[in-house]
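Trainee: I would like the atomic coordinates for the input below:
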Amino acid sequence: MQLRARLMAGVILLSIVLFGGLLPGGCDRRQQAAPAAAAPVPEVAVVTVGPQQVVLTTELPGRTSAYLVAEIRPQVNGLIQKRLFTEGSNVQAGDVLYQIDPAPFQAALNSAEAALGWSQASVPSIRLRVERYKGLLADKAVSQQDYDDAASALNQAEADIQYWKATVETVRINLGYTRVTAPISGRIGRSNVTDGALVTAYQPVALSTIQQLDPIYVDVPQSTTELLRLNRRVGDGRLNQDGANQKMAKLLLEDGTAYPVEGTLQFRDVTVDPTTGSFILRIVFPNPQGVLLPGMFVRAVVKEGVHDQALLIPQQAVSRDPKGNPVALIVGPEEKVQPRTLTLDRAISDQWLVSSGLAAGDRVIVEGMQKVRPGAAVKVAPAEAARKDGAKPGDAKSN
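Mentor: Numbering: from 1, shown residues only. Just a heads-up that it's a prediction; the model follows:
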């Protein structure tokens, strides 16, 4: 029985060895007989680059300032009898703001007018005396000295009349200055004095301040570096400044909303601030609703000009090489991938403005870049499928 068991175990072991040796050989033959499967060609989506007309703009920070500012100061000394305006209200030019006690000035005017009348009353008699002495002088009835004294007295009396006329006019002007009026129309601020306060002529502290807010200024600093770059672009023909439209500007408020009315560039300052290397652009904006107040922080969108042959590509089509240079992949004429090193000008919405590295007609890969490498053959999807943003030539706006 033991011998029989050993024989059966040997048969089983031999069968396992033979089966294990034949099985790999059979698999290899089946694998060799199967045809090799070809790798699939990757599919990519592209956009075809074409020249577009784009309005280039620059967004610059700035602050608002009043169009006109008038600090109200008294022109005569006296006591404030009454404040005649409401703080924070709109006033018109010529409105009376303060009333200074007019009594001393009225008394001075009455005195000057009385002195003028006295001088005028003495002139007729002196003039008649001079005329009589002139006739008697020919007959030697009066001496030359008497005539000269009478003529001198007449001249003095007439001079006194002129003096007192000027005095009356001066006092009348000072009396008018007791009514402190608004020199401009605008919004008046708080009053720095109350009824009964003593004020002096041309004092350093203003009684109040009036600011004209419609229209209103927006002062924007721009660096000289940007100015030089802009001049180079205009000089070499890459940028076209289109006359009157060039002076129009837009405004973004502090909360990011767009101001509904466009402004006009009034002037560029000719002096550069040595500490910042910038100069001031002054823009005038209508402000009929009083939305803009002096001192507000805003962002002005200033037009640089029109680029008639701009090349724009989606930002997703640009990557960076190990050195940080912008790179795009294009599909060449043999449907093979080619890398292009780009020079980028600026971001315009969700696109890049390309200065160099691409030409009109190039097909730039915007989707499927992770599946391809330079030199690989690809299958191109229709360009319209990649244009998900729906951008059209001329619609681009810079940030």
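Trainee: Show me the shaky parts of the protein.
Mentor: For the chain, the stretches with pLDDT under 70 are 1-39, 231, 233-246, 382-399.
Trainee: Could you identify the longest strand within it?
Mentor: strand 51-72 (DSSP state E).
Trainee: After that one, heading C-terminal, what element do we hit next?
Mentor: strand 78-83 (DSSP states H and E).
Trainee: on that earlier part again, partners of the longest strand of the chain in the sheet?
Mentor: Strand 51-72 sits in its sheet next to strand 208-223 (antiparallel), strand 297-314 (antiparallel), going by DSSP bridges.
Trainee: can you point me to the longest helix in this protein?
Mentor: helix 103-138 (DSSP state H).
Trainee: Tell me the buried residues in that one?
Mentor: Neighbour counts over helix 103-138 (16 or more other Cβ atoms under 10 Å) mark 104-105, 108-109, 112-113, 115-116, 119, 126-127, 129-130, 133, 137 as buried. To be clear about C-beta, it is placed using only N, CA and C from the backbone, and glycine gets the same treatment.
Trainee: Can you name the next helix or strand after that helix?
Mentor: helix 144-177.
Trainee: What helices and strands are in contact with that next one?
Mentor: Counting contacts by 3 or more Cβ pairs under 8 Å, 6 or more residues apart in numbering; DSSP states H and E, helix 144-177 packs against helix 103-138.
Trainee: tell me the angle the helix it packs on makes with helix 144-177.
Mentor: Compare the direction of helix 103-138 with that of helix 144-177 by axes from the mean of the first three to the mean of the last three Cα atoms, to 10 degrees and you get 160 degrees.
Trainee: how close does N77 sit to V327?
Mentor: 78 Å (Cβ to Cβ, to the nearest Å).
Trainee: cool, G176 as well?
Mentor: Between G176 and V327 the computed distance is 77 Å (Cβ to Cβ).
Trainee: Look at the two and report which has more neighbours.
Mentor: V327 (16 against 13; other Cβ atoms under 10 Å).
Trainee: which ones are touching the more buried one?
Mentor: For V327, the contact set (Cβ atoms under 8 Å, 6 or more residues apart in numbering) comprises 318-321, 339-342.
Trainee: and what of L56?
Mentor: Applying Cβ under 8 Å, 6+ apart, the residues contacting L56 are 239, 303-307, 346, 348, 353, 398.
Trainee: Please apply the same query to A182.
Mentor: 70, 72, 91-95, 97, 188, 210.
Trainee: List phi and psi for it.
Mentor: Backbone torsions of A182, given as degrees, to the nearest 10, read phi -80, psi 120.
Trainee: measure R346 to T48 for me?
Mentor: Counting by Cβ to Cβ, the gap from R346 to T48 is 22 Å.
Trainee: what bridges to the residue most central in space within the chain?
Mentor: Centroid check for the chain by Cα atoms, centre = their mean gives A300 as the closest residue, at 3.4 Å. Beta-bridge pairing of A300 under DSSP bridges involves L60, L251.
Trainee: Would you confirm that it contacts K250?
Mentor: Yes - with contact defined as Cβ atoms under 8 Å, A300 reaches K250; the gap is 7.3 Å.
Trainee: Overlap of the contact sets of those two?
Mentor: Taking Cβ under 8 Å, 6+ apart as the contact rule, A300 and K250 both touch G263.
Trainee: G256 in helix, strand or coil?
Mentor: Classification of G256 using DSSP: H, G, I helix; E, B strand; the rest coil returns coil.
Trainee: and it, how far is that from E59?
Mentor: On the measure of Cβ to Cβ, G256 and E59 end up 12 Å apart.
Trainee: between those two, who's got more neighbours?
Mentor: A direct count of neighbours by other Cβ under 10 Å for G256 and E59 places E59 higher, at 14 against 7.
Trainee: how far away is the more buried one from F267?
Mentor: 20 Å.
Trainee: same check, this time on P314
Mentor: 38 Å.
Trainee: So for those two, which sits in the more crowded spot?
Mentor: Between P314 and F267, counted using other Cβ under 10 Å, the more crowded position is P314 (20 against 10).
Trainee: Write down the beta-bridge partners of that one, one by one.
Mentor: Legend: beta-bridge partners of P314 under DSSP bridges are Q351.
Trainee: just checking, P221 touches T58?
Mentor: No - in this structure, P221 is not within contact of T58 by Cβ under 8 Å, at 11.7 Å.
Trainee: nearest to I216, of the contacts of L56?
Mentor: Closest approach between these and I216, by Cβ to Cβ: K303, at 19.8 Å.
Trainee: Report how many residues lie close to the closest one.
Mentor: Neighbours of K303 (other Cβ under 10 Å): 19.
Trainee: Repeat that for N287.
Mentor: 21.
Trainee: Pull the contacting residues for it.
Mentor: N287 is in contact with 213-216, counting by Cβ under 8 Å, 6+ apart.
Trainee: Dump these into JSON lines; add neighbour count as well.
Mentor: As requested, the contacts of N287 are exported to JSON lines (neighbours: other Cβ atoms under 10 Å):
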{"residue": "L213", "neighbour count": "21"}
{"residue": "D214", "neighbour count": "17"}
{"residue": "P215", "neighbour count": "20"}
{"residue": "I216", "neighbour count": "23"}
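Trainee: quick one: the closest residue to G332 other than its chain neighbours and A377, what's the gap?
Mentor: Using Cβ to Cβ, 6 or more residues apart in numbering and skipping the chain neighbours, the partner closest in space to G332 is Q338 (4.7 Å). In this view, Q338 and A377 are 12 Å apart by Cβ to Cβ.
Trainee: Give me the more crowded residue out of these two.
Mentor: Each of Q338 and A377 has its neighbours counted (other Cβ under 10 Å); Q338 has more, 16 against 12.
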